[in-house]
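>>> Sharing a model that was predicted from the sequence below.
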Number of protein chains: 4
Amino acid sequence: MPRARLHLIRTSAPDDVSGLMAHIDAGEIDPSKLVAILGKTEGNGCVNDFTRAFSVQALTAALGAETQGVAMVMSGGTEGGLCPHILTFEVLEDDTPLDAPALAIGSVITRDLKPEEIGTVSQIEIVAEGVAQAMAKAGIPDPADVHFVQIKCPLLTAARVAEAAARDAATVTTDTLKSMGFSRGASALGVAVALGEASPDDAIPAICTDPSVWSSRASTSAGIELMGHEIIVMGMSETWSGPLVIDHAVMSDQIDIAPVIDAMTRLNIGVSATLKALLAKAEPGTTGTIRGNRHIMLDDSDIAATRHARAFVGGALAGIAGRTDIYVSGGAEHQGPDGGGPVALIAERTDP
Amino acid sequence: MPRARLHLIRTSAPDDVSGLMAHIDAGEIDPSKLVAILGKTEGNGCVNDFTRAFSVQALTAALGAETQGVAMVMSGGTEGGLCPHILTFEVLEDDTPLDAPALAIGSVITRDLKPEEIGTVSQIEIVAEGVAQAMAKAGIPDPADVHFVQIKCPLLTAARVAEAAARDAATVTTDTLKSMGFSRGASALGVAVALGEASPDDAIPAICTDPSVWSSRASTSAGIELMGHEIIVMGMSETWSGPLVIDHAVMSDQIDIAPVIDAMTRLNIGVSATLKALLAKAEPGTTGTIRGNRHIMLDDSDIAATRHARAFVGGALAGIAGRTDIYVSGGAEHQGPDGGGPVALIAERTDP
Amino acid sequence: MPRARLHLIRTSAPDDVSGLMAHIDAGEIDPSKLVAILGKTEGNGCVNDFTRAFSVQALTAALGAETQGVAMVMSGGTEGGLCPHILTFEVLEDDTPLDAPALAIGSVITRDLKPEEIGTVSQIEIVAEGVAQAMAKAGIPDPADVHFVQIKCPLLTAARVAEAAARDAATVTTDTLKSMGFSRGASALGVAVALGEASPDDAIPAICTDPSVWSSRASTSAGIELMGHEIIVMGMSETWSGPLVIDHAVMSDQIDIAPVIDAMTRLNIGVSATLKALLAKAEPGTTGTIRGNRHIMLDDSDIAATRHARAFVGGALAGIAGRTDIYVSGGAEHQGPDGGGPVALIAERTDP
Amino acid sequence: MPRARLHLIRTSAPDDVSGLMAHIDAGEIDPSKLVAILGKTEGNGCVNDFTRAFSVQALTAALGAETQGVAMVMSGGTEGGLCPHILTFEVLEDDTPLDAPALAIGSVITRDLKPEEIGTVSQIEIVAEGVAQAMAKAGIPDPADVHFVQIKCPLLTAARVAEAAARDAATVTTDTLKSMGFSRGASALGVAVALGEASPDDAIPAICTDPSVWSSRASTSAGIELMGHEIIVMGMSETWSGPLVIDHAVMSDQIDIAPVIDAMTRLNIGVSATLKALLAKAEPGTTGTIRGNRHIMLDDSDIAATRHARAFVGGALAGIAGRTDIYVSGGAEHQGPDGGGPVALIAERTDP
């Protein structure tokens, strides 16, 4: 039976691969079994964040030929006290099955989008198709057992907008920062469609206009270094073994820690399991308020709203997790309710 | 017996006094009884933050002659989801005593410092003397019953450094941002000396060099608009009545929420009392790590370290408080342990 | 005959009125003759810039009743080496005419806009009407003799957008920063229509979509502190006397200093006249390039594009002017060509 | 005779090597002859700027074994309208000498410094020695014929400070951003000593304390990616041939364009030569003023002072150069007078 293995490796810089190499040299990570590497790098997480590409380049150089087939999803922005790190996911094969059900992983890389497809129904459809394929690869037939779908999606630069315009194709926006929101949103709606959380009829007109349509398990990040999508589905499968388990919660707003505490309890963290990884979405939301109180995130011309949100939600989650090496990604359009977001937790059962 | 009264008023801009005036017009605030106004304004909380002075000017204009004797402590920086607001403190006099002991308040304004006194033993001494005077005014003889000392202290600008240099007086630094740290630190050590938390022998050489010397109840903020100190002491006094009570906790680091939860429990918040105000210090700390994990706050040239810290610690506290209108101030030199800080909580007993 | 008088007063902070008061006390400025005060304050010049309102409040408090009828146009952002300052304009009356033609000034305050009028044909019409009225007040019948039209216009905040939405009125955008561009652009097109530089048919559909329609003499700045427009027209009039003269140039891009040097030559600056004030617009432009070379202003998520542009164009102009107390305003939508902007120069003839 | 060849290649991203490879493939650049690559990358140019290392990594990967012996000096920060680009310098050998004297280049890589040597007399000595060696390699015996010395120097991170402290070695500062200033300053003083512009007795006590001791030809930049120095000396040599020539000017402050215009005239730019490259230093200076007028660069907590300075001085120089692909580096401690800096100009004689 397949078995997932996960390592959380803290990094000293975006191009620091020393921890990864040490694990490989010690036989603790088998690069040929790697399926995905998620990472939080220390750039601004917005348009001109080159730490993501720098990290991908360093990891690619370190893994060499083994890079083939590894979905790399680097997310920028480790504001506040958040600790830069990578999460490596391998799929091993065991003769002796351990406890099923267990954490299962399936990943898919979609075709490249044309610039004018970003933020449109085409993107929703491509992503929905990719999610379905990834679920099949992960052996998860029931959407209810999917607990986390991480997607790296593309964005528009001034050059890409111009290239489309030269073919008389209009992009959904010419604003590079706004294009990231459209892309993240359409990708999240693609997840919602694939998981049955929204119908295509509801999803398509909602792209970045109707925040009431959302997925409870999508986590999408935009980057300059690709024009397609890297999709990683994680959930619980009866056909997988191993000590790792996964669950999720949905924060209704930026400070809604109760559902996350509940999920930690369901996973028996601190009792018969230890927290291995926490992955969350954070966003400023569209209302300008949190529980009726004004905030300044949308009106601050000095610091991007997503940076504010990552720091703030990161603090709320780091407080209850008791650690700062948690994966908090910004820009949660259609990912959880307006101002909130999904949180995935991966734990390791300590009891046999 | 004297009785403290507190209003938390959310503001729509730094110069928004409409909420204050509405309370005054409704007879809910008596301006002649005001002793202090603390506020969080939405500037960057660093050197070029003019929202603090703008707020003081608006409040002063609104209160007119009643401004006399009111200590105004505006602290800049409402990063993340934090809500700009002011806290008004009045001292009333009641014939019928309610439950003693109760929240007591004493405030003092010290003389102006010369630029070269900032960050030196002179500042420690002046502040210690002021704290003692404020304790006496508050009717709090035992330092153990002091739970919060808020101080607004001065800073150095290029002009003030030059003025001292013209008299051949060397300031502790020429860096304006660093001068804020020196001033906050020396003020905090003045509190530590006054409360018996540190001896003068330990405090004086420690100024911004030895983070192991600290006060558990000081909260100091630097501003450009004054050269003296505004000191407000809050604690529990047998000679005061009213439904308000106060306690404090010390966070050992940026995510140490347990002591704050304990203090909320001691105050019976949610059982027989409601949270009226939460005031905390946040800082990046000096080690570059939190519980062994690297953070980037000290190496980020795009966003000041204190801004990162306020957002992150603000999120941790807003999560457990369930609200964002909490007072989080940056720069916690000698206020709590390195990376941590004091948290004061004011509650209102709901049971008669 | 009316005579314009101008003082350039450097400020030490947004609320520094000491220089203005010194001139008044010395009899060099007659507050009852003030018609306009333009200023550059040191905030970020974008949405959350409170230095503008702070400055207006301080000037208003200082001038008291004399504030009536004085158009105050505070523009934020003194990046790079630019020096914060104010420009005071008075209109005096002389029995003995000096050299006509001379600098003439006319100012008008329009009615408030509803939020949904910002960035629409309504704004163009209201501004065009206001400009015509101001020209008449200035005694300038021929648009060719108008050399500078400064306008302070409104912007949308989250609150104003919500207020309009509550009446089922859709604003041109919900993005606060983008609303500043729409407002500046529509105001500039209003100037273009008033001066015959564009027809209404060309101007109306062009709002922030067609940068080829522009005014060569408009300078518009958006602020949070008003919902109407303050319009100041400056030009040369045969019916005005005095030593002040005005001319203008148009920079075709951010580094096109030649036309400005030509204008300085036409005004005989350095020969028989001294430069009294220089007022310019700066913008990043829409192409992402300058003379074919890529720039990063539109892709920088850490520093707003208008801040980059003010610093850069400010440097180019300060170099040829030989001084840093020049008025450089950001956001030049429809003000000069894409990437360029108008520059007005006021000189004082030294020869009798 | 040796002949210098220079290409200015504009880049689309920090890791864009396509232009370089195109020149190599076309036979216009011979990688085996490369001695230096200088570059301006689009990060913040301060502590957490990873674009420099990213660029070096991309260039290294592209050049492969040819990287050996090529001094790479990437400088971060292309604020305002400045265009990211690289400058490649080759040394060729010609049988038929062209016009001597001509541009000559010599480069040297020094040993690594220990963290505690940064900003001290050790650094001055190591750099002075390296400059002398580079002059010899360039065939420039007379310091008066040296027109530009570019140095990449190291900086302190929290980790390096801690490593030294663990050996009981005190670093000159613990502030990472300040360490860049100390390193740049000591390196520049090393150049001053080597070129006879200052004696060791004057230079050593002056490090970042006495701005009146400076070099007129040093240009130093600090980066996280090295602990030694990369030194490149450029000047005019009788023993070199080719159409390239070099001269320099010294700006006395941020807007002193006259000396640069004079140097352009001396080089006959626009008459019998074309400008090939312009390299300048920009700094905020220590006085807080420019020609008596206040600026905000040292008091702005939102934007680092060196970023402001690069944009502003960049604009002044781009205006007179008529182009934005100029090399402007921040942090000019001991490089030119306080607030000013050296400017080197390389031109190509168009007449045979």
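Nice, thanks for sending it over.

>>> Doesn't A:Leu92 lie inside a strand?
Yes. Remark: A:Leu92 belongs to a strand, assigned using DSSP: H, G, I helix; E, B strand; the rest coil.

>>> Count the residues that sit near it.
By other CB atoms under 10 Å in any protein chain shown, 13 other residues sit near A:Leu92. Using the backbone N, CA and C atoms, a C-beta is placed for each residue, glycine as well.

>>> Relative to D:Asp201, how far out is it?
A:Leu92 sits 68 Å away from D:Asp201, going by CB to CB, to the nearest Å.

>>> ok, now A:Ile224?
For A:Ile224, the distance to D:Asp201 - CB to CB - is 52 Å.

>>> can you list the residues that contact stretch A:254-263?
The contact list for stretch A:254-263, computed with CB atoms under 8 Å, 6 or more residues apart in numbering or on different chains, reads A:247-252, A:282-283, A:285, A:290-291, A:309, A:312-313, A:316-317, A:319-320, A:339-340, A:343, A:345, B:80-81, B:315, B:318-320, B:322-324.

>>> Would you mark the buried spots in that stretch?
A:Gln254, A:Ile255, A:Asp256, A:Ile257, A:Pro259, A:Val260, A:Ala263 (16 or more other CB atoms under 10 Å in any protein chain shown).

>>> and if you look at stretch A:181-194?
For stretch A:181-194, a neighbour-count test (16+ other CB under 10 Å) marks A:181-194 as buried.

>>> And for stretch A:229-240?
For stretch A:229-240, by 16+ other CB under 10 Å, it's A:His229, A:Glu230, A:Ile231, A:Ile232, A:Val233, A:Met234, A:Gly235, A:Met236, A:Ser237, A:Trp240.

>>> Averaged pLDDT, that stretch. What do you get?
Averaging pLDDT along stretch A:229-240 yields 95.

>>> same check, this time on stretch A:9-22
On average, stretch A:9-22 scores 98.

>>> so what's the closest residue to chain C within the stretch 101-250 of chain A up against?
Closest residue of the stretch 101-250 of chain A to chain C, CB to the nearest CB: A:Ala158 (4.0 Å). Taking CB under 8 Å, 6+ apart, we find A:Ala158 in contact with A:Thr174, A:Thr176, C:Thr287, C:Gly288, C:Leu298, C:Asp299.

>>> rerun at 10 Å
For A:Ala158, the contact set (CB atoms under 10 Å, 6 or more residues apart in numbering or on different chains) comprises A:47, A:174-176, C:286-289, C:294-296, C:298-299.

>>> From these, list just the buried residues.
A:Val47, A:Thr174, A:Asp175, A:Thr176, C:Thr287, C:Gly288, C:Thr289, C:Arg294, C:His295, C:Ile296, C:Leu298, C:Asp299.

>>> So which of those residues belong to strands?
Of the buried ones among the contacts of A:Ala158, the ones assigned to strands by DSSP state E are C:Thr289, C:Arg294.

>>> closest to B:Pro101 among the buried ones among the contacts of A:Ala158?
A:Val47 (56.2 Å; CB to CB).

>>> all strands for the stretch 151-300 of chain A, in order.
Applying DSSP state E, counting those that start in this stretch to the stretch 151-300 of chain A gives strands spanning A:218-222, A:230-237, A:244-251, A:273-282, A:289-290, A:293-294.

>>> Just name the most buried of the ones you listed.
Highest mean neighbour count of those: strand A:218-222, a mean of 31 (counted as mean count of other CB atoms under 10 Å in any protein chain shown).

>>> ok, and does that one reach over to chain C?
No. Judged by CB under 10 Å from any CB of the partner chain, strand A:218-222 stays clear of chain C, getting no closer than 12.0 Å.

>>> And the pLDDT at the one residue in the stretch 151-300 of chain A that gets nearest to chain B?
With CB to the nearest CB, the shortest gap between the stretch 151-300 of chain A and chain B falls at A:Asn293, namely 3.9 Å. Reading off the confidence values, A:Asn293 has pLDDT 98.

>>> got the buried residues for stretch A:90-110?
A:Glu90, A:Val91, A:Pro101, A:Ala102, A:Leu103, A:Ala104, A:Ile105, A:Gly106, A:Ser107, A:Val108, A:Ile109, A:Thr110.

>>> Hmm, I typed the wrong one, I wanted stretch A:62-69.
In terms of neighbour count (16+ other CB under 10 Å), stretch A:62-69 has its buried residues at A:Ala62, A:Leu63, A:Thr67.

>>> Not counting sequence-adjacent ones, nearest residue to the last one?
I take that to be A:Thr67. Counting by CB to CB, 6 or more residues apart in numbering or on different chains, A:Thr67 lies nearest to A:Thr60, which is 4.8 Å off, once chain neighbours are set aside.

>>> re the thing from before, from the buried ones among the contacts of A:Ala158, which is closest to B:Glu333?
Using CB to CB, A:Val47 comes nearest to B:Glu333 of the buried ones among the contacts of A:Ala158, at 35.4 Å.

>>> Now do the phi/psi pair for the closest one.
The phi/psi pair for A:Val47 (degrees, to the nearest 10) reads phi -70, psi -60.

>>> ok, it touching A:Met180?
Yes. Applying CB atoms under 10 Å, one finds A:Val47 in contact with A:Met180, separated by 7.2 Å.

>>> Overlap in contacts, those two.
In contact with both A:Val47 and A:Met180: A:Leu155, A:Leu156, A:Ala222, A:Ile224, C:Ser301, using CB under 10 Å, 6+ apart.

>>> who are the neighbours in contact with the fourth one?
Which is A:Ile224. A:47-50, A:52-53, A:154-157, A:160, A:176, A:180, C:299, D:13.

>>> Swap in 7 Å and give it another go.
Taking CB atoms under 7 Å, 6 or more residues apart in numbering or on different chains, we find A:Ile224 in contact with A:Ala53, A:Leu155, A:Thr157.

>>> near chain B, which residues of chain A?
A:10, A:12, A:42, A:44, A:78-84, A:254-255, A:257, A:290-291, A:293-297, A:302-303, A:308, A:311-316, A:318-320, A:322-325 (CB under 7 Å from any CB of the partner chain).

>>> Any idea how many residues pack against A:Asp302?
A:Asp302 has 23 nearby residues by other CB under 10 Å.

>>> Now A:Gly19: closest residue in space that isn't a chain neighbour?
In space, and not counting its chain neighbours, A:Gly19 is closest to A:Ile9: 3.9 Å by CB to CB, 6+ apart.

>>> Name the residues of chain A found near chain C, please.
Within chain A, the residues that sit near chain C (CB under 7 Å from any CB) are A:44, A:46-48, A:157-158, A:176-177, A:288, A:296, A:298-302, A:304.

>>> Lowest-confidence one in the residues you listed?
A:Leu177 (82).

>>> Surely that residue touches C:Ser301?
Yes. If you go by CB atoms under 7 Å, A:Leu177 and C:Ser301 touch, sitting 6.4 Å apart.

>>> what's the overlap in contacts for those two?
A:Cys46, A:Val47.

>>> and stretch A:208-221, how far out from the chain's middle?
Distance, stretch centre to chain centre, for stretch A:208-221: 12 Å (CA atoms, centre = their mean, to the nearest Å).
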